[in-house]
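Q: sequence first, then the predicted structure:
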Amino acid sequence: MAQIEAAIEQYMHFYNNERIKTRLGGATIAEYRATVETESSKKQS
């Protein structure tokens, strides 16, 4: 069971932090999310 959990965690890290999405302008999901959050906080200030 621990091996399955570790494999899932590794895939989730890859999916969110390493996999490049062309629809997001070549950014990873994490990079895109950080950009959106930064822009959102600037608008609220």
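A: Arrived safely. This is a predicted model, so every value here is computed, not measured.
Q: can you give me the helices for this structure?
A: 2-17, 29-44 (DSSP state H).
Q: buried set for the first one?
A: Right, helix 2-17. Residues of helix 2-17 include none that count as buried (16 or more other Cβ atoms under 10 Å). Any C-beta I mention is one placed from the backbone N, CA and C, and that applies to glycine too.
Q: could you say what helices and strands it packs with?
A: helix 29-44 (3 or more Cβ pairs under 8 Å, 6 or more residues apart in numbering; DSSP states H and E).
Q: in the helix it packs on, what's buried?
A: Going by 16+ other Cβ under 10 Å, helix 29-44 has these buried residues: Glu31.
Q: compute the inter-axis angle for it and helix 2-17.
A: Calculated by axes from the mean of the first three to the mean of the last three Cα atoms, to 10 degrees, helix 29-44 forms an angle of 50 degrees with helix 2-17.
Q: circling back to that earlier point, want to throw the helices of the chain into TSV with mean pLDDT and distance to Arg23?
A: Shown next, in TSV, are the helices of the chain (pLDDT from 0 to 100; distance: least, Cβ to Cβ, whole Å):
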stretch	mean pLDDT	distance to Arg23
helix 2-17	97	14
helix 29-44	90	9
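Q: outside of stretch 25-45, which residues touch it?
A: Tyr15, Asn16, Asn17, Glu18, Arg19, Ile20, Lys21, Leu24 (Cβ atoms under 8 Å, 6 or more residues apart in numbering).
Q: and the most centrally placed residue in the chain, how far from Asn16?
A: In the chain, the centroid-proximal residue (Cα atoms, centre = their mean) is Ala30; its distance is 2.5 Å. The gap separating Ala30 from Asn16 is 5 Å, by Cβ to Cβ, to the nearest Å.
Q: now swap in Ser40 and tell me
A: From Ser40 to Asn16 the distance is 19 Å (Cβ to Cβ).
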